[in-house]
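A.B. asks: Quick one, fold the following:
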Amino acid sequence: MPCFVDYLCALQNFYMLKSGVKIFSGNASGELAEKIAGFYGQDLGKCVIQKFSDGEFQPKFDESVRGDYVFLVQSTYAPSDNIMELLMMIDAARRASAGYITAVIPYFGYARQDRKDKPRVSIASKLMANLLAKSGANRIMTMDLHAPQIQGFFDIPMDHLDSSAIFIPYIENLKIENLTFASPDVGSTNRVREVASYFEAEMVICDKQRKRANEIASMTVIGDVKDRNIVLIDDICDTAGTLTKSAAMLMDKGAKSVRAFCTHPVLSGKAYENIENSVLSELVVCDTIPLRNHCDKIKVLSTAQLFSVAIRNAHENKSINSLFIHSQLREKNKRNEI
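C.D. replies: Residues are numbered from 1 along each chain as shown. Model prediction:
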């Protein structure tokens, strides 16, 4: 006989499926959240962020969330108001008796502070994980963490989506000849290798040494790029210094063209100027962070449909395995066999 705990879990899952799904957004990801809700087939939930004259703010849901499956969409890029806003939305939903709260964080800020790389510093990404769990989130959904092991910082379930599901179809449509993939640093090697394997293409590595944050001392290319069309892949484009210097070096080594794919367009400092003046054919990014300026070389691909599918599967207790690159590779092999 099934134990009583299993019965209660099954009963809870039944009532969760019967409850409604409501998608809300903070100020940081309003446009993306609208698209996600549209792909899901419903309107974005009504939530107002009231601002006070002293700089404080207070989220308020203008509709009931009692017993509902609530998804709160908010990227946590700078300023820090964005993460605080999300934490307060989670707390408000919990106090309003939401049935299950998922924080959908397209860009997880502070992910680059994932270890003590010098004495007496904070591990901010672990702190963010603790805050999200303590505020009342039941699940986290995000995309392309800077370090995948950050998933281990969370004591609640996490769905970690992969931007390759968006980038691969775009690259396929380009029909690039003599294609070679490049990793802008050693840390991105595994991510790039998976995509290169999908296309059965070669891969090179741009090995860099930093003087300090956002400043490169030296860089070398590991591999042959002569007469090749290069696709650089990275998770974050911040000042675009690494990216543009990698592209210039690859062209100097004999590459025909260089284009870059980066999930999160942080684009701080002189990033737009660096990109505009670079040898890059184009920079393709996702809409996890809204662009502040226009640049002819930057193309934005939407993550909305991917997140909407993940949200539906999470609500219906279905696997999201089909959204990952190994599933796409399996489907590609099946097509080739036919």
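
A.B. asks: How are the helices of the stretch 201-338 of the chain distributed by residue range?
C.D. replies: Secondary structure of the stretch 201-338 of the chain (DSSP state H, counting those that start in this stretch): helices located at 241-252, 271-276, 304-315, 325-337.

A.B. asks: whoops, I mixed them up, the stretch 1-150 of the chain
C.D. replies: Per DSSP H, counting those that start in this stretch, the stretch 1-150 of the chain carries helices over the ranges 4-18, 30-40, 81-95, 124-135.

A.B. asks: of all those helices, which lies closest to residue 49?
C.D. replies: Counting by C-beta to C-beta, residue 49 lies closest to helix 81-95 out of the helices of the stretch 1-150 of the chain; the figure is 6.4 Å. In short, each C-beta sits where N, CA and C put it, glycine included.

A.B. asks: Quick check: buried residues in that closest one?
C.D. replies: Of the residues in helix 81-95, those buried by neighbour count under the rule 16 or more other C-beta atoms under 10 Å are 81-94.

A.B. asks: before we move on, back to that, any idea which of the helices of the stretch 201-338 of the chain has the lowest pLDDT on average?
C.D. replies: Per-segment confidence across these bottoms out at helix 325-337, which has a mean of 59 in mean pLDDT.

A.B. asks: can you list the helices of the stretch 1-150 of the chain in a markdown table and add mean pLDDT?
C.D. replies: Below are the helices of the stretch 1-150 of the chain laid out as a markdown table (pLDDT from 0 to 100):
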| stretch | mean pLDDT |
| --- | --- |
| helix 4-18 | 54 |
| helix 30-40 | 97 |
| helix 81-95 | 97 |
| helix 124-135 | 97 |
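
A.B. asks: Present those helices as JSON lines; the columns should include distance to residue 101.
C.D. replies: Converted to JSON lines, those look like this (distance: least, C-beta to C-beta, whole Å):
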{"stretch": "helix 4-18", "distance to residue 101": "12"}
{"stretch": "helix 30-40", "distance to residue 101": "15"}
{"stretch": "helix 81-95", "distance to residue 101": "5"}
{"stretch": "helix 124-135", "distance to residue 101": "9"}
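
A.B. asks: Looking at those helices, spot the one closest to residue 283.
C.D. replies: Minimum separation from residue 283 across these (C-beta to C-beta) falls at helix 30-40, 18.7 Å.

A.B. asks: Could you list every helix and strand that that closest one packs against?
C.D. replies: If you count contacts as 3 or more C-beta pairs under 8 Å, 6 or more residues apart in numbering; DSSP states H and E, helix 30-40 packs onto strand 21-25, strand 69-73, helix 304-315.

A.B. asks: okay, those in JSON lines with mean neighbour count and distance to residue 110 next?
C.D. replies: Below are these laid out as JSON lines (neighbours: other C-beta atoms under 10 Å; distance: least, C-beta to C-beta, whole Å):
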{"stretch": "strand 21-25", "mean neighbour count": "23", "distance to residue 110": "20"}
{"stretch": "strand 69-73", "mean neighbour count": "28", "distance to residue 110": "18"}
{"stretch": "helix 304-315", "mean neighbour count": "20", "distance to residue 110": "21"}
